[in-house]
Structure formats: structure tokens, C-alpha cells
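>>> Would you be able to build a 3D model of this:
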Amino acid sequence: MNRGFEQIISWKKARNLNKEIYELTRQVAFSKDFALRDQIRRASISISSNIAEGYGRKTNKEFIYFLNVAQASCYEVKSQLYLAMDVEYVNNAEFEKVYGICEEISKTIYGLIKHLESKI
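Below you'll find the predicted structure:
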């Protein structure tokens with residue numbers, strides 16, 4: 001079944017990131033830090049949401065804007081992951097796994113932006 005934004009690789013990877021973030025933040029110590037838990041969840045959700053919202057816009061220029069917002073949210077998640085590791089809510093393996101997903105998302109968003117910019 002062909003769909004719209006659901007076909008975008010960045011969105012698929014961001015959906016996976018959301019799942020991983022929710023799994024990490026369910027851990028006992030992390031789950032009790034309401035501020036960090038909620039912020040990293042919101043930042044993660046922002047990535048997939050902005051990709052989907054941008055896809056629904058009328059122009060490539062608007063789509064690029066939302067992709068840039070998604071990209072910024074990806075960097076926000078990375079920064080929050082460092083804090084989670086620094087306060088020992090996540091171990092190095094968990095950090096590396098989720099950080100790696102963020103890196104993949106960043107690269108695919110960048111590629112999509114460059115593709116869309118070539119069509120403007």
C-alpha cells in the first residue's frame with residue numbers, strides 16, 4: 001500500500017527513534033526525572049511530526065523548512081542523550097544505539113533537503 005509521508009526514510013527512522021526513546025525513559029531512574037523524560041520525548045516526537053507536517057505542505061520550500069525543524073529536534077535529542085548518560089540514566093551502549101539512530105535520521109534529512117533544494 002502506497003502512502004504519503006510514511007514512505008519517507010527519515011520518518012521511518014524517526015518512528016523507530018520514538019520507540020527507543022520511550023523504552024529508555026521507562027527505566028526507573030529516567031522515568032522519575034519528569035523534566036528530562038518529557039523533554040526528550042517531545043524532541044523525539046517533534047522529528048517525526050515535523051517530517052509529516054512538512055510533507056503535507058504545498059511547496060518544497062515549506063517542506064524544507066519543516067525538515068530543518070526536524071533536524072534541529074534531532075540535535076536536541078542528541079544533547080539530551082548526553083545529559084541522560086552523564087547522570088547515569090542510560091549506559092554507553094544505550095547511548096550509542098540511540099545516538100546512532102539520530103545520526104542516521106540527520107543524514108537522511110540532509111539528503112532529502114538537498115534533493116528538494118535542487119527542485120526549487
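
>>> show me what contacts Ile120?
Counting by C-beta atoms under 8 Å, 6 or more residues apart in numbering, Ile120 makes contact with 60-61, 64. In short, each C-beta sits where N, CA and C put it, glycine included.

>>> Please report how far it lies from Leu112.
Shown here: Ile120 relative to Leu112, a distance of 13 Å by C-beta to C-beta, to the nearest Å.

>>> Am I right that Lys97 is in contact with Glu23?
No - counting by C-beta atoms under 8 Å, Lys97 does not reach Glu23; the two are 10.3 Å apart.

>>> intersection of neighbour lists for Ile120 and Leu112?
Here Ile120 and Leu112 have no joint contacts, going by C-beta under 8 Å, 6+ apart.

>>> Distance of Glu53 relative to Ala70?
9 Å.

>>> Same check on Tyr89?
24 Å.

>>> So these two - more neighbours on which side?
Ala70 (26 against 23; other C-beta atoms under 10 Å).

>>> Next up, the contacts around that one.
10, 14, 46-48, 50-51, 54, 105, 109 are the contacts of Ala70 under C-beta under 8 Å, 6+ apart.

>>> 10 Å - rerun?
By C-beta atoms under 10 Å, 6 or more residues apart in numbering, the residues touching Ala70 are 10-11, 14, 46-54, 105-106, 109, 112-113.

>>> what does Thr108 give?
8-14, 51, 67.

>>> ok so, going back, list only those of the contacts of Ile120 flagged as buried.
Buried by 16 or more other C-beta atoms under 10 Å: 60, 64, out of the contacts of Ile120.
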